[in-house]
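Participant: The amino acid sequence is not available; the structure is as follows:
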């Protein structure tokens, strides 16, 4: 009976196999197939970065033809960063943000021996411990004024994360020294005090930057942060303002607003049940390695609640872990307060050094709704570059051997700023950056390192009447997070709740009206979805035309052979 079924299946597949063998034996058909596949890829996949900045960016003092002149930061980036003007072509099989993110996670599990670091352990004022992994090795001879790139890893990461290792060779090739940080409990660093690594805590970065500056007073310092490390970096830069010791900073895949990001993450099944759970387990593993340190001090004076190991080890989602561990260790009254105070979005207005923010619109973790576009438009020190695709710390390009794209634009930007500053005589380097005459004063802060907090309400005032968008997609900010047309996701975790602004059925449109409105929105031609729909229709029509022409071609060949 099985043989009969196999024979029947073979008979059904015979026409398709015959057609396939005909295509393989016909060079013309193979060429047509290659052209079609290439056209599909070129039509659907290119992602040219969208650049956003203030109307008047800071003026930088540069040397041109032995003369000193001022050029704007935007003009410098435009002339010195060609990769930000060319399309980024994602790997065809990694066609959306999830696939890019999955591949980034997959290669992170592969053994990699490319890192060749010298590790320096640094004691912190409170007794904590961090590690600085230096490249090239200490015995390498470099000038004392060689610039140093300080790299901040993401959640539960370290200096051996693939996104760090992919960038290090680019930095070394251009003559930079790399100081890849490993925060408390990360990258093999033992926790010495009952304190974890946190997205809101910048004192460790502040101490590390001061230490590196003291040891290398002639070297320009550059900060490059990834994911949660980018959030910490931008929070630190905003807190320091004009006193920041960094020459420039780069933020890659920054979540910006932890409150908004987690809300949108938990609004989808894959975000809550996959991403949130995986990240929670990585934090639990760090805690588990050092749980004895916390069990010895379950009621530490700086903690705002008891640390209960049994509950922490059973946490399912990020808000659960942050409620049971992070917010208590760092003295926050609630996990919501931790997310608000730990978000770097509120410090973007205070950034006072040239800065590049690199994000993408299909990042499933650092969501586009949290990108603070309105604040970028008001800060002359910031360049925001956004691609349509890239995933979370992915940006893989190439077909057979995918490689990350982001190291190229990042090193181009760093070169543009650092080399312009180093080309100046020593007595002029302090005049490198000139703020616009109408530069706004810094925000008012509580103390030195905390911004004014505004609780998240169900209805927040509009930031301005002007609509800010990237690639046709409206992007929310911390002060303008409630889009009138968007559904506000609600966290389902028992430890973290937000207000559902759609809790009442009053004023809701009918299903037909919503569908009609969505189709009208798609056909408007202004949104990313509209562009994708147009491309899809074009591909369908092209495919139909090719199918008809192919059918006619085979019919003619059959007639000739007959």
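Facilitator: Perfect, thanks for sending it. The model shown is predicted, which means the values in this text are computed figures rather than measured ones. Residues are numbered from 1 along each chain as shown.

Participant: domain parsing for the chain?
Facilitator: Here the domain assignment for the chain is 50-257+345-434, 511-553, based on automatic domain parsing.

Participant: which one of those has the most crowded surroundings?
Facilitator: Greatest average neighbour count among the domains of the chain goes to domain 50-257+345-434 (a mean of 20), per mean count of other C-beta atoms under 10 Å. In short, each C-beta sits where N, CA and C put it, glycine included.

Participant: Could you give the average pLDDT over stretch 210-227?
Facilitator: Stretch 210-227 shows a mean pLDDT of 97.

Participant: Which one of the domains of the chain lies nearest to residue 265?
Facilitator: Of all the domains of the chain, domain 50-257+345-434 sits nearest to residue 265, with 6.5 Å by C-beta to C-beta.

Participant: ok so, going back, which of the domains of the chain has the lowest mean pLDDT?
Facilitator: domain 511-553 (a mean of 55).

Participant: Between the domains of the chain, which one is closest to residue 310.
Facilitator: Nearest of the domains of the chain to residue 310, taken as C-beta to C-beta: domain 50-257+345-434 at 16.7 Å.

Participant: what would the domains of the chain look like in TSV with distance to residue 291?
Facilitator: TSV is the format used below for those (distance: least, C-beta to C-beta, whole Å):
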stretch	distance to residue 291
domain 50-257+345-434	10
domain 511-553	45
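
Participant: so which of those domains comes closest to residue 272?
Facilitator: Taking these one by one with C-beta to C-beta, domain 50-257+345-434 is closest: 11.3 Å.

Participant: how long is that closest one end to end?
Facilitator: 25 Å (C-alpha to C-alpha, to the nearest Å).

Participant: same deal with stretch 232-251?
Facilitator: Start-to-end span of stretch 232-251 (C-alpha to C-alpha) is 10 Å.

Participant: Likewise for stretch 357-369?
Facilitator: Termini of stretch 357-369 sit 15 Å apart (C-alpha to C-alpha).

Participant: Residue 148 against residue 175, yeah?
Facilitator: No: look at residue 148 against residue 175 with C-beta atoms under 8 Å: they stay out of range, at 11.0 Å.

Participant: Which among the domains of the chain is found nearest to residue 282?
Facilitator: That would be, of these and by C-beta to C-beta, domain 50-257+345-434, which comes in at 4.0 Å.

Participant: Quick check: the nearest residue to residue 155 once chain neighbours are set aside vs residue 199, distance?
Facilitator: Excluding its sequence neighbours, the residue lying closest to residue 155 (C-beta to C-beta, 6 or more residues apart in numbering) is residue 228, at 4.5 Å. Separation of residue 228 from residue 199 (C-beta to C-beta, to the nearest Å): 5 Å.

Participant: anything in contact with each of these two?
Facilitator: The contact sets of residue 228 and residue 199 overlap at residue 155 (C-beta atoms under 8 Å, 6 or more residues apart in numbering).

Participant: Would you state the strands of the stretch 151-300 of the chain in chain order?
Facilitator: Ranges of strands within the stretch 151-300 of the chain are 177-182, 221-226, 248-252, based on DSSP state E, counting those that start in this stretch.

Participant: can you list the ones you listed in TSV and add distance to residue 129?
Facilitator: Below are the strands of the stretch 151-300 of the chain laid out as TSV (distance: least, C-beta to C-beta, whole Å):
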stretch	distance to residue 129
strand 177-182	10
strand 221-226	21
strand 248-252	25
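
Participant: Can you say which of the ones you listed is nearest to residue 165?
Facilitator: strand 177-182 (9.0 Å).

Participant: tell me what that closest one is packed against?
Facilitator: strand 129-135, strand 148-152, helix 162-173, helix 203-215 (3 or more C-beta pairs under 8 Å, 6 or more residues apart in numbering; DSSP states H and E).

Participant: Which one of those lies nearest to residue 387?
Facilitator: helix 162-173 (15.4 Å).

Participant: and residue 271, what is it in contact with?
Facilitator: Per C-beta under 8 Å, 6+ apart, neighbours of residue 271: 264, 265, 364, 365.

Participant: now it: how far from residue 367?
Facilitator: For residue 271 relative to residue 367 (C-beta to C-beta), the value is 9 Å.

Participant: now do residue 65
Facilitator: Counting by C-beta to C-beta, the gap from residue 65 to residue 367 is 46 Å.

Participant: ok so, going back, who wins for proximity to residue 105 among the helices and strands packed on strand 177-182?
Facilitator: When the helices and strands packed on strand 177-182 are ranked by proximity to residue 105 (C-beta to C-beta), helix 162-173 comes first, at 9.5 Å.

Participant: Strand 177-182 and the closest one, what's the angle between them?
Facilitator: Angle, helix 162-173 to strand 177-182, by axes from the mean of the first three to the mean of the last three C-alpha atoms, to 10 degrees: 160 degrees.

Participant: any residues touching helix 162-173, and which ones?
Facilitator: Contacts of helix 162-173 with the rest of the structure, by C-beta under 8 Å, 6+ apart, involve 104, 107-108, 112, 114-115, 135-136, 149, 151, 153-154, 157-158, 178, 180, 224, 226, 252, 393, 403-404, 406-408, 410-411, 414.

Participant: For the stretch 1-150 of the chain, which segments are assigned as helices?
Facilitator: Assigned by DSSP state H, counting those that start in this stretch, the stretch 1-150 of the chain shows helices spanning 2-25, 27-44, 73-80, 97-108.

Participant: Report the angle between the shortest one and strand 248-252.
Facilitator: Using the same axes, to 10 degrees, one finds that helix 73-80 and strand 248-252 are set 70 degrees apart in direction.

Participant: check contacts around residue 261.
Facilitator: Contacts of residue 261 (C-beta under 8 Å, 6+ apart): 255, 365, 366, 367, 370.

Participant: Identify the farthest-apart pair in these.
Facilitator: Farthest-apart pair in the contacts of residue 261 is 365 and 370; separation 10.4 Å (C-beta to C-beta).

Participant: shared neighbours, the two?
Facilitator: By C-beta under 8 Å, 6+ apart, residue 365 and residue 370 have these common neighbours: 255, 261.

Participant: if we can go back for a sec, wait, which of the domains of the chain is closest to residue 33?
Facilitator: domain 511-553 (9.4 Å).
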